[in-house]
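>>> Just need the structure, nothing else, for what follows:
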Amino acid sequence: MEAIRLVIWDLDETFWSGTLTEGGIIHRPHAHQIVIELARRGIISSICSKNDLANVRKQLRLVDLWDFFVFPSIDWQPKGARIAAQIAAIGLRPASVLFIDDNPANLAEALAHLPDLQTAPDSFIDGMLDDPRLTGKPDPELRRLLQYRTLQERQADAASAPADSTDFLRASGIVVRLEHDLDRHIDRAVELINRTNQLNFTKHRLSEDLPTARGQLRKMLWGYDRHFGIIQVADKYGDHGYCGLYVLQHGAGGGRLLHFCFSCRILNMGVETWLFRHLGCPELSIRGEVLSDPSTAQGPVDWITLERADSFASREEAAPAFDYIYARGGCELQAVTHYFRNMAAQEFLDVNLVRDDRPIRLDHSIFIRHAEHPVPGPAMADLQAVGFKPDDFRPQLLRLPGAARALWVLSFWADAANPLYRHIETGVQVPVRLRRTAPKTPSHNLAQLSPQDVPGDEALIETARRAFRFAGGTQEAAFIENLEMLFRRLPPDGRAFVLLANEANPPGSGQRTENQFTRLNRWTRQAAAAFPGVTLLDIADFILKPEEVENVLHFHREVYFRVFRHIVAAINAEEGKPSFFEKKDQKTFAS
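Here you go, the predicted structure:
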């Protein structure tokens, strides 16, 4: 049997002794205490009774119990259809609902409408708190009850609102808040994945054993290309709680949603469509029946406001806010900046991408130089033949607002692993890469290869041999000059954080040796020395365990989340704001 989340009570001869319409009842204090204790366990109570609403409300208010019941159904109609309507309004599945009634005919009628409903006679009441299905989870502040009362009030107003629902939604003042700390919300995340149905778009369930499910979710979120977010929704009626989540695998074309699910508490609010668009409309493969499709929804969702706060601070703590965020780097920057999306009105990205299965390293520092010195026209045809497009040489860097409160997050790791090629006619330098599916070759110098060596990339090899010369790795003077060009563009009120490459060998060991990353970091320090708005962060300081390292360039998702939290804490500290972030389980982060 499934755990029970809602108990629907009959009243006469069940919750109390006697029949209200026949002149008298005797309250059963034990039943009253059960309703209160269930609420403290996060289990909600409702009523389905053949009675007069005003009289029932009066009786339950006399004993201060009316407000412990949500979505009561009190009239003289048959109970089966009414219970089905109650459960639909609350947004639960019948299998997680228990109906208690002293009349076997009422129990049978309810089961005829809802075969998965759990039922019990009135004799069940005395020992029901010992039933393992009613264990619930501690909720001493009655948050779950308050959330359902909020939902009840909102639905009542929506039912009486004019026909145009968008006017009602705009008047509701809907605010959403995104958080990314998995450990803080892991049990609620498991519950959303396993218990939501009508707004669970992916329906990839986890184990019913909670410790196993936690492990499965953590494993899914291991990689650098995985993002987790849980969404909290509130409006003028109150706080609807944490009622949706996503797990996103980022990649070319916006990525793919591995989990995308919501509680029915936010049904018809447009939250799922808003979040889908906020994430950039990633690939979403819908499984089974759902009540909406965010990928085909029409029109703007302009009634939802994103609370621009950092994703782990309390509501009382002011979080940094920026006019825009600029990110320049590779996979590591896409992993870090995902968490900053709540904190700025605009986002500009100059990051690596994959085009026609070929890595295009727009994060190489040479493209800073191309922003300062436009590429000559005669080079463009040859550059396009090796995978580039004209827009690649007009980076987002050129579109940044001038004087603004800006946050820049940068890395230059691409320079260490992507050799340059010089266009013979014009001298333009670019990093050229084979397709990811091309055979491994013994040489970085593409001019030393023949077209037959790399099936599928023959045209690139022919162009490289004809129009380019191998220029090797980035040289110290050019690299420092490129970074200084970039840093000079930082607005006076801006802050830039540069993520230094991992020097440890092997990765995660803490043992540092002289290598291409060591040189790159040394040059980066030289370039940043004259710019007080630039702070350097060593990625190695955020790696707590060797198993958090996938390879020299890729790490566990939590490593990037620590970088994000550190940047927020550093900015708050500079501005004299308290920080929620505690380093009690972290290393001392260098800056």
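>>> Quick one: residues in contact with the one helix or strand in the chain whose mean pLDDT sits lowest.
Sorting the helices and strands of the chain by mean pLDDT, DSSP states H and E puts helix 331-337 at the bottom, at a mean of 82. Residues outside helix 331-337 that contact it (C-beta atoms under 8 Å, 6 or more residues apart in numbering): 224-225, 227, 250, 325, 327, 347, 349, 351-352, 363, 409-411, 413, 499, 539, 553-555, 557, 560, 563-564. Using the backbone N, CA and C atoms, a C-beta is placed for each residue, glycine as well.
>>> Domain map for the chain?
The record's domain parsing of the chain by automatic domain parsing lists 6-144, 164-306, 322-438+472-574.
>>> Endpoints of the shortest one, how far apart?
As for domain 6-144, its first-to-last residue distance stands at 11 Å under the measure C-alpha to C-alpha, to the nearest Å.
>>> what does stretch 484-503 give?
Stretch 484-503 has an end-to-end distance of 23 Å (criterion: C-alpha to C-alpha).
>>> what's near enough to touch the closest residue to Trp76 other than its chain neighbours?
Nearest residue to Trp76, sequence neighbours excluded (C-beta to C-beta, 6 or more residues apart in numbering): Lys50, at 5.4 Å. Residues in contact with Lys50 (C-beta under 8 Å, 6+ apart) are Asp12, Asp75, Trp76, Gln77, Lys79.
>>> Check which element follows the least confident helix or strand of the chain along the chain.
Moving toward the C-terminus from helix 331-337, the next helix or strand (DSSP states H and E) is strand 344-351.
>>> what residues does that next one touch?
In contact with strand 344-351 (C-beta under 8 Å, 6+ apart) are residues 308, 321-330, 333-334, 337, 340-341, 362-363, 367, 395-397, 399-401, 407.
>>> Direction included, what does the longest strand along the chain pair against?
If you go by DSSP state E, the chain has its longest strand at strand 238-249. If you go by DSSP bridges, strand 238-249 pairs up with strand 226-235 (antiparallel), strand 256-262 (antiparallel).
>>> Could you give the separation of the last one from the chain centroid?
What separates the centre of strand 256-262 from the centre of its chain is 9 Å, taken as C-alpha atoms, centre = their mean, to the nearest Å.
>>> Over to stretch 467-487?
Averaging C-alpha positions (C-alpha atoms, centre = their mean) puts stretch 467-487 36 Å from its chain's average.
>>> how long is that stretch end to end?
End-to-end distance of stretch 467-487 (C-alpha to C-alpha): 32 Å.
>>> what comes up buried for that stretch?
By 16 or more other C-beta atoms under 10 Å, the buried positions in stretch 467-487 come out as 467-468, 470-471, 473-474, 478-483, 485-487.
>>> ok, so of those residues, who is nearest Thr166?
Set against Thr166, the nearest of the buried residues of stretch 467-487 by C-beta to C-beta is Leu486 (44.0 Å).
>>> The residue lying closest to that closest one once chain neighbours are set aside: neighbour count?
In this structure, Leu486 finds its nearest non-sequential neighbour in Ile368, 4.8 Å apart by C-beta to C-beta, 6+ apart. Using other C-beta atoms under 10 Å, Ile368 is surrounded by 23 other residues.
>>> ditto for Ala345
Neighbours around Ala345, by other C-beta under 10 Å: 11.
>>> cool, the one 10 residues further on as well?
Here the neighbour count serves as a burial measure; for Arg355 (other C-beta under 10 Å) it reads 12.
>>> how far away is the residue lying closest to it once chain neighbours are set aside from Ala379?
Spatially, and ignoring its direct neighbours in sequence, Arg355 is nearest to Gly387 (6.2 Å; C-beta to C-beta, 6+ apart). According to C-beta to C-beta, to the nearest Å, Gly387 and Ala379 sit 14 Å apart.
>>> So what does His364 look like in phi/psi?
phi -70, psi 140 (degrees, to the nearest 10).
>>> To what extent is the residue nearest to it when sequence neighbours are not counted buried, counted in neighbours?
With C-beta to C-beta, 6+ apart as the criterion, His364 has its nearest non-adjacent residue at 4.5 Å, and that residue is Ala414. By the criterion of other C-beta under 10 Å, Ala414 has 25 neighbours.
>>> Run through the residues that contact Ala414.
Contact analysis of Ala414 by C-beta under 8 Å, 6+ apart lists Gly329, Gly330, Asn352, Arg361, Asp363, His364, Ser365, Pro431.
>>> any idea how far Gly329 is from it?
Separation of Ala414 from Gly329 (C-beta to C-beta): 8 Å.
>>> Need the overlap of contacts for the two.
Counting by C-beta under 8 Å, 6+ apart, the shared contacts of Ala414 and Gly329 are Asn352, Asp363.
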